[in-house]
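build the 3D model from these lines:
(one chain, ligands or ions: 4)
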Amino acid sequence: MIDRKIALLAVGGALLGGCSMVEEGPATDAGMGNGSQASTAIPARDLTPDQIAALTYREFPGINKCFGDWAQNDWPRDMNQVWVDGVQTNPNYGKSLAFVQGTRVDGSPVLPERSDPSHAAGGPNGSPTGGFTSLGIGGTYIARMPLLVRDQLGDDILLHEVTGGSYTCANYPEVARVEVSYDGVVWAELAGTACGNGAHGFDLATLGDDAPWQLKHFGARFVKVIDISDAANLPNDADGFDLDSIEAVHCGGNERTIDLCSEGFYAWYEQSQGVDSNGNPIPAARSNPDNGLGLPEDVDDAADEPAGRLSFYTLGRNGGSIVYVFDGWVETTEVLRFVETSYGRNGQGCNTYREQALIEVSDGSTDANGDTIWVELGTVCRDGEIGLDGAALAGLDRIAAVRLTDLTDQNGSDGYDFDGVTCGQPLQ
Ligand SMILES: [Ca+2]
Ligand SMILES: [Ca+2]
Ligand SMILES: [Ca+2]
Ligand SMILES: [Ca+2]
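Ligands and ions are numbered 1, 2, ... in the order given. Sure thing, here's the model as predicted:
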């Protein structure tokens, strides 16, 4: 899925320039660059999806500080060794990118020595006299991180900016915001902005509810830095946010294979609950998706429900659905056993009360539109087992997520009452 190619759309010729000694802050060399340089800069605040789709990657080997083996840099499988063997160390820097540079406030090109996008790849050097990339007003810079950036306690990404002399955010507000992506297709914004010299923290925990579940569960592969400087607050020669480095504070994938017989689901996303048989909302007690986490309680009588809550989550009629994930991976040699709650009907067949759900699984892969690729395994009615061999046939050797969608056609039912998942009888 990461076959997308990234081209460098930076200012022509700028990449050949070295690091000349130019004071950061307002550029004073009015004789350079103005009107003499071909530029493909797009004077927009952000890239359109079409523009992003047209980008191709440019790699900068040899500057990845997260780990040393270039051959292991690619998602998804080669990260396993990196993480499991403990080779991974902090910090972790962006190493490859796409770049659409803006202009200076007066519309002239950013100086060549401040336009080399490789100067923002790799670690920070903190020098106001070179080694950074000026985004240009409204410019966009995309880094592809060598390892997934993960949400752990506190800030997960640091933007390093360089500004020398007496210039501060207050008197020279060059500002950037950050978006992240799992697949390079769908982007989601992180809270906060960066402005002024030094490191500025961003936290994946600030992702909105509508962010893709892969981004929240697996982490961010791509980091996009967008200049949002207000030209009205800056002098004519200001050239936007000066990016020294993108640092991942927390990186690495969760490569654990879970024990399906003892763990069940770990978290849920994309809840879209249906309604009851009369079209009314499902009662609150049946609407907590947490009730489907962990091992099933397998309750057969209302009196046996856990204290303070029910053991199940009701999908709801008319296609109620939810995505559950494991705290790691499940091999597709396994069988999933789904447990449903229907009081007093334990041991009775599906035909006695037809509450059913469609089961789809995913390893997190997305298509060209950024939509999750789901592999349909079939339907479970009440309690039921379903092998992952169908996913194996579709080319997956492990899964991380299961989507349940209600298919109940039973009169009077409010849908499939999902209790939990566990292991089933092994495949023959
Ligand atoms: Ca965090
Ligand atoms: Ca600048
Ligand atoms: Ca039921
Ligand atoms: Ca349960």
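
where does pLDDT dip in the stretch 201-350 of the chain?
251-253 (pLDDT under 70).

up against ligand 1, what does it have?
Asp203, Ala205 (C-beta under 5 Å from the ion). The C-beta positions use only the backbone N, C-alpha and C, and glycine is treated the same way.

quick one, strands of the stretch 201-350 of the chain?
Assigned by DSSP state E, counting those that start in this stretch, the stretch 201-350 of the chain shows strands spanning 220-227, 242-248, 267-272, 313-314, 321-331, 335-340.

hey, which of those is tucked in deepest?
Most buried of the strands of the stretch 201-350 of the chain, by mean neighbour count (mean count of other C-beta atoms under 10 Å): strand 313-314, with a mean of 29.

so which of the strands of the stretch 201-350 of the chain gets nearest Ser287?
Taking C-beta to C-beta, strand 313-314 is the member of the strands of the stretch 201-350 of the chain nearest to Ser287, at 6.8 Å.

and His250, how many neighbours?
As a burial measure, His250 scores 21 neighbours (other C-beta atoms under 10 Å).

quick one: residues contacting it.
Residues near His250 by C-beta atoms under 8 Å, 6 or more residues apart in numbering: Asn90, Val149, Arg150, Asp151, Gln152, Asp156.

quick revisit: let's have the strands of the stretch 201-350 of the chain in TSV, adding distance to Asp304.
Formatted as TSV, the strands of the stretch 201-350 of the chain follow (distance: least, C-beta to C-beta, whole Å):
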stretch	distance to Asp304
strand 220-227	43
strand 242-248	47
strand 267-272	24
strand 313-314	17
strand 321-331	23
strand 335-340	14
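
turn the ones you listed into JSON lines, columns for distance to ligand 3.
Formatted as JSON lines, the strands of the stretch 201-350 of the chain follow (distance: least, C-beta to the ion, whole Å):
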{"stretch": "strand 220-227", "distance to ligand 3": "38"}
{"stretch": "strand 242-248", "distance to ligand 3": "44"}
{"stretch": "strand 267-272", "distance to ligand 3": "18"}
{"stretch": "strand 313-314", "distance to ligand 3": "8"}
{"stretch": "strand 321-331", "distance to ligand 3": "16"}
{"stretch": "strand 335-340", "distance to ligand 3": "6"}
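
among the ones you listed, which is nearest ligand 2?
When the strands of the stretch 201-350 of the chain are compared by C-beta to the ion, strand 242-248 sits nearest ligand 2, at 4.2 Å.

which strands or helices does the closest one pack on?
With contacts taken as 3 or more C-beta pairs under 8 Å, 6 or more residues apart in numbering; DSSP states H and E, strand 242-248 sits against strand 92-93, strand 133-134, strand 140-149, strand 157-161, strand 220-227.

how about 6 Å then?
Here strand 242-248 touches strand 92-93, strand 140-149, strand 157-161, going by 3 or more C-beta pairs under 6 Å, 6 or more residues apart in numbering; DSSP states H and E.

is ligand 2 contacted by that strand?
Yes: Strand 242-248 is in contact with ligand 2 by C-beta under 5 Å from the ion, via Asp242.

that strand pairs with which strands?
strand 92-93 (antiparallel), strand 133-134 (antiparallel), strand 157-161 (antiparallel) (DSSP bridges).

please identify the most buried of those.
Comparing the strands paired with strand 242-248 by mean neighbour count (mean count of other C-beta under 10 Å), strand 133-134 comes out on top with a mean of 30.

so what touches that one?
Outside strand 133-134, the residues within contact range by C-beta atoms under 6 Å, 6 or more residues apart in numbering are Val110, Arg114, Pro117, His119, Ala120, Asp239, Gly240, Asp242, Leu243.

and the fifth one, what does it touch?
This points to Ala120. Thr133, Leu243 are the contacts of Ala120 under C-beta under 6 Å, 6+ apart.

for the strands of the stretch 201-350 of the chain, which one sits closest to Asn278?
Asn278 lies closest to strand 313-314 among the strands of the stretch 201-350 of the chain, at 14.0 Å (C-beta to C-beta).

next one: that closest one, is it in contact with ligand 4?
No: Strand 313-314 does not reach ligand 4 (C-beta under 5 Å from the ion); its nearest approach is 7.6 Å.

what are the pairing partners of that strand, and which direction each?
Short version: by DSSP bridges, strand 313-314 pairs with strand 417-423 (antiparallel).

what's the angle between the strand it pairs with and strand 335-340?
With axes from the mean of the first three to the mean of the last three C-alpha atoms, to 10 degrees defining the directions, strand 417-423 sits at 160 degrees from strand 335-340.

pull the residues that contact strand 417-423.
When contacts are defined by C-beta under 6 Å, 6+ apart, strand 417-423 is touched by residues 260-261, 264-265, 292, 295-296, 311-314, 336-341.

over to stretch 170-185?
Stretch 170-185 is contacted by residues 4, 187, 189-190, 193-195, 202, 212, 214-215, 220-229, 233, 240-241, 366, 370 when judged by C-beta under 6 Å, 6+ apart.

related to what we said a few turns ago, in TSV: the strands paired with strand 242-248, plus distance to ligand 4.
Rendered in TSV, the data for these read as follows (distance: least, C-beta to the ion, whole Å):
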stretch	distance to ligand 4
strand 92-93	37
strand 133-134	51
strand 157-161	35
